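1. Got a predicted structure here, sequence first:
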Amino acid sequence: MLQVVQHDTVRFVIDSRDIYVLAGASASDSFAPSLRDLAAELHVDHTLVHRSLKRAVEAGLYSPSLQSVNLPAFEELVIHAARFIAPAPLGPLVAGVPAAWAAEPMASRIRQSGEDPPPVWPSADGTVRGQLFEPLHPSAPAAAVEHPQFGEVLVLIDSLRVEDLRVRKVAAKLFHDQLAAVSAKVVA
């Protein structure tokens, strides 16, 4: 959780839900989805989206007039602070959906030891047994399956939440490239 303090008063707090909403807004197929549309895509209540975007506006991460994520600021936040805002220690073995470096676009770039179970988001529909990796939001696995581009963004953010520097370096480059592609689409 990142707190912004002004004159000894906490003004707002950026947390994992806000990163989740901003990731969804940056990966959305529609240019400027309504709050309700974005909430539906993310499998969350529209009030969560509204509150997250309100905090993002205060932090300079979202422009309400353009209805878009400030991509350079979002990139900086995720690359440098995601692992502190939403640390991701691996948990017990569970059935789930591959996450972080065990899912694409990371899996083809990071070789995993055959002995270590992969990180997985817990899911009743999961087909892989691996170590529990808490998603940014409990609805992330379902939303990622429905919206593969969003799923890739979440995989990269998850990879930036881990302690392994090698994984984070690869993820930072891919995350930058992903946001650059989104930015190019918006400009075009």
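-> Done, it's in.
2. and L38, what does it touch?
-> By CB atoms under 8 Å, 6 or more residues apart in numbering, L38 lies in contact with V21, G24, A25, S28, H46, V49. Every C-beta, even on glycine, is put in place using the N, C-alpha and C of the backbone.
3. how about those residues in CSV, adding pLDDT?
-> Converted to CSV, the contacts of L38 look like this (pLDDT from 0 to 100):
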residue, pLDDT
V21, 97
G24, 95
A25, 94
S28, 74
H46, 95
V49, 96
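4. right, and the pair among those residues with maximum separation?
-> Across the contacts of L38, no pair lies farther apart than S28 and H46, at 14.3 Å, counting by CB to CB.
5. These two: which has the busier surroundings?
-> The residue with more neighbours, out of S28 and H46 and counting by other CB atoms under 10 Å, is S28; that gives 20 against 15.
6. residues in contact with that one?
-> Residues near S28 by CB under 8 Å, 6+ apart: L38, E41, F150.
7. Against A103, how distant is A171?
-> A171 sits 11 Å away from A103 when distances are taken as CB to CB, to the nearest Å.
8. Then D125?
-> Counting by CB to CB, the gap from D125 to A103 is 15 Å.
9. List just the nearest of the contacts of L38 to D158.
-> If you rank the contacts of L38 by distance to D158 using CB to CB, G24 comes first, at 14.3 Å.
10. Excluding chain neighbours, give the residue nearest to that closest one in space.
-> With CB to CB, 6 or more residues apart in numbering as the measure, L42 is the residue that lies nearest to G24, at 4.5 Å, once sequence neighbours are left out.
11. ok, that neighbour touching L22?
-> No - look at L42 against L22 with CB atoms under 8 Å: they stay out of range, at 10.6 Å.
12. Tell me the buried residues in the host helix or strand of G151?
-> For G151, the host element (DSSP states H and E) is helix 148-160. Of the residues in helix 148-160, those with enough neighbours to count as buried (16 or more other CB atoms under 10 Å) are F150, G151, E152, V153, L154, V155, L156, I157, D158, S159, L160.
13. and what of stretch 36-44?
-> Neighbour-count burial for stretch 36-44, counted by 16+ other CB under 10 Å, picks out L38, A39, E41, L42, H43, V44.
14. per-residue pLDDT, the third one?
-> Per-residue confidence (pLDDT) for E41: 92.
15. I'd guessed it sits against V21; true?
-> No - counting by CB under 8 Å, E41 does not reach V21; the two are 10.3 Å apart.
16. related to what we said a few turns ago, please identify which of A171 and A103 sits among more neighbours.
-> More crowded of A171 and A103, by other CB under 10 Å: A171, with 29 against 24.
17. What residues does the closest residue in space to the more buried one that isn't next to it in sequence make contact with?
-> Closest residue to A171 apart from its sequence neighbours, by CB to CB, 6+ apart: S159 at 3.5 Å. If a contact means CB under 8 Å, 6+ apart, then S159 has A100, W101, M106, V167, R168, V170, A171 as its contacts.
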